[in-house]
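Peer 1: The sequence isn't on hand, but the structure is:
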């Protein structure tokens, strides 16, 4: 009936008298307008007060969400409500016009606003309570009980278990990136090729472990029957990261005894254990109280070392020390002080900053002859060294975006136009006027977010949104032509000019404003990160009969165009910038960026994306991170302890639980906004 009334052109006042239903009338309109693509916990509008419920939300949750929109209306003047003015673009809206003014859809929106304006008493209290709980998170996040060893964890584990340095996982099928990382439980299925790789690796590793005798000291005693039991028990506990069950002990003892040669029998045991799911998967959580300490040991070691527990961590589990917050924090601090913690951090950094994209990148060799394999290695080494220095020297981690120096090699010195240091990757200040700062000014970021022949404002803006602000930009509509108009000598254009189509085409404009609007501010840096004050376009005559190829021997003609690098980060107030230096300053002081650093590390450690249930944990860790002066080691320690003991703090933090007082603080905060 409501839709017919709308089509008949009835006024908003008449609609208000009808029983408008949010779930059946307005929610479909908002979904069609794709509002939820930006207004969610990971969307580009994540910092606003409007978060759509999850896709699998039940009918009651959708109804409650509809009522919660009361926080966005002006009860005295409904026509002045943000809920009306933003989606109709009557006031500036990053997402542009989502609902056309004067349309039937707007009439439904006005009807709902009028209904919300009448909310009072218990209904209004319940509506406001939704905002409070949505901010606080409810329930408990579910971690996977089992996590498959990543390729790097496999290599590190067989190194520490067997003394093998061959890195056999390099021969396994490549791992896929899911949620921005290679270690996400959702992407850890076992393909037939991977199973075959495990089988081949187990055979080679077991054979190598006993080549020339027990050269790696795996047999703890003089070979005998009793020694066999001890070998199976002790090696099995290390391989499975927990004590063997009685059945397992008996089964592997029988396998050992199946060959009269003790070492050959031991080789069979090692090969069999390396193919067992108990080795290939590590226990992260368990409902079995007897196994909890062992699961905690694995969680600590694979989180902080990227490898199996050592003897001391196993001993702490056996003594029951990991059942207390103090015991976990003590071990976490010990693990962080070990060099193996550097390997785990390097693995996080290489995935977060997507080293893989640079390693597989190609550049136009005629334009960029300096871009070689050595250059790629130098760029990744600089980024790794830069982050490591911030973390292990307890520096302010937000200098990741503002540091006025880099770690330079001869390959990078040529690109940065600085004098190469006496020792490769020594710290070198960026010259005054370079407009470089932090990771945004380094070759890694600038090169991996570029095309083979030129920079890419879209790719650079998207990387900033996804990696540094944890915002998901919706995919382009199907069938959209993403090709830009070609640059010709008759019509030379900058990227900004060529990409004007993105803002004039309604189906492209919203998302491209979010990405291109950031990337334009980095246009003074070319496809390998060298600075340019102007865009220089080169043209040569085409080869006869070949339409696309240029004749490299033909005379070269150049056209020079000025670069407009005025940009801003939509969604962050006062975020105008014109260079990596200025963008870095914007990000470093942005609460969204600071929270994103925590989220990215959480996703890497947990092997999954964060959910609403994780918000209390992420909020506490972020507060600890800020209180520590943004020391990344404190972030690591806080996350490790709070994941084991929710509602507590580390020794260096304040005791805190998600109490009613905190909920009231959240509610007051939202009311103030």
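Peer 2: Looks like it arrived, so ask away. Quick caveat, the model's predicted, so the values are computed rather than measured.

Peer 1: where are the low-confidence patches of the stretch 501-650 of the chain?
Peer 2: Low-confidence segments of the stretch 501-650 of the chain (pLDDT under 70): 501-510, 542-554, 647-650.

Peer 1: For it, just list every one of the strands.
Peer 2: 534-539, 557-562 (DSSP state E, counting those that start in this stretch).

Peer 1: strands paired with the first one, and their directions?
Peer 2: By that I understand strand 534-539. In the sheet, strand 534-539 lines up against strand 557-562 (antiparallel) (DSSP bridges).

Peer 1: Name the residues of the strand it pairs with that are buried.
Peer 2: For strand 557-562, the buried set under the neighbour-count rule, 16 or more other Cβ atoms under 10 Å, is empty. Just so you know, the C-beta spots here come from the backbone N, C-alpha and C atoms, and that holds for glycine as well.

Peer 1: and that strand, how far out from the chain's middle?
Peer 2: Centroid separation for strand 557-562 versus its chain: 39 Å, with Cα atoms, centre = their mean, to the nearest Å.

Peer 1: So what touches it?
Peer 2: With Cβ atoms under 8 Å, 6 or more residues apart in numbering as the contact definition, strand 557-562 has outside contacts at 489, 492, 493, 494, 534, 535, 536, 537, 538, 539, 540.

Peer 1: Need the single longest helix in this structure, by residues.
Peer 2: In the chain, with assignment by DSSP state H, the single longest helix is helix 373-392.

Peer 1: State the next helix or strand along the chain beyond that one.
Peer 2: On the C-terminal side of helix 373-392, the closest following helix or strand by DSSP states H and E is strand 405-408.

Peer 1: pLDDT of the following helix or strand past that following strand, averaged?
Peer 2: Downstream of strand 405-408, the next assigned helix or strand under DSSP H and E is helix 410-416. The pLDDT scores in helix 410-416 average 97.

Peer 1: can you count the residues close to residue 364?
Peer 2: Neighbours of residue 364 under the rule other Cβ atoms under 10 Å: 14.

Peer 1: ok, and the closest non-adjacent residue to it?
Peer 2: Distances taken as Cβ to Cβ, 6 or more residues apart in numbering place residue 453 nearest to residue 364, at 4.4 Å, with adjacent residues excluded.

Peer 1: Looks like that neighbour contacts residue 371 (just checking).
Peer 2: No - if you go by Cβ atoms under 8 Å, residue 453 and residue 371 don't touch, sitting 11.4 Å apart.

Peer 1: Touching both of these two, which residues are there?
Peer 2: Between them, residue 453 and residue 371 share these contacting residues under Cβ under 8 Å, 6+ apart: residue 363.

Peer 1: who's more crowded, the two?
Peer 2: residue 371 (24 against 14).

Peer 1: looking at it, that one is touching residue 378, isn't it?
Peer 2: No - using Cβ under 8 Å, residue 371 is not in contact with residue 378, being 10.6 Å away.

Peer 1: mind checking how far residue 302 is from residue 640?
Peer 2: 11 Å (Cβ to Cβ, to the nearest Å).

Peer 1: of the contacts of strand 557-562, closest to residue 586?
Peer 2: For these, the minimum distance to residue 586 (Cβ to Cβ) is 22.9 Å, reached by residue 494.

Peer 1: who's in contact with that closest one?
Peer 2: By Cβ under 8 Å, 6+ apart, residue 494 lies in contact with 523, 535, 561, 562, 563, 564.

Peer 1: how is the chain carved up into domains?
Peer 2: Split into domains by automatic domain parsing, the chain comes to 2-136, 146-341, 354-588, 613-672.
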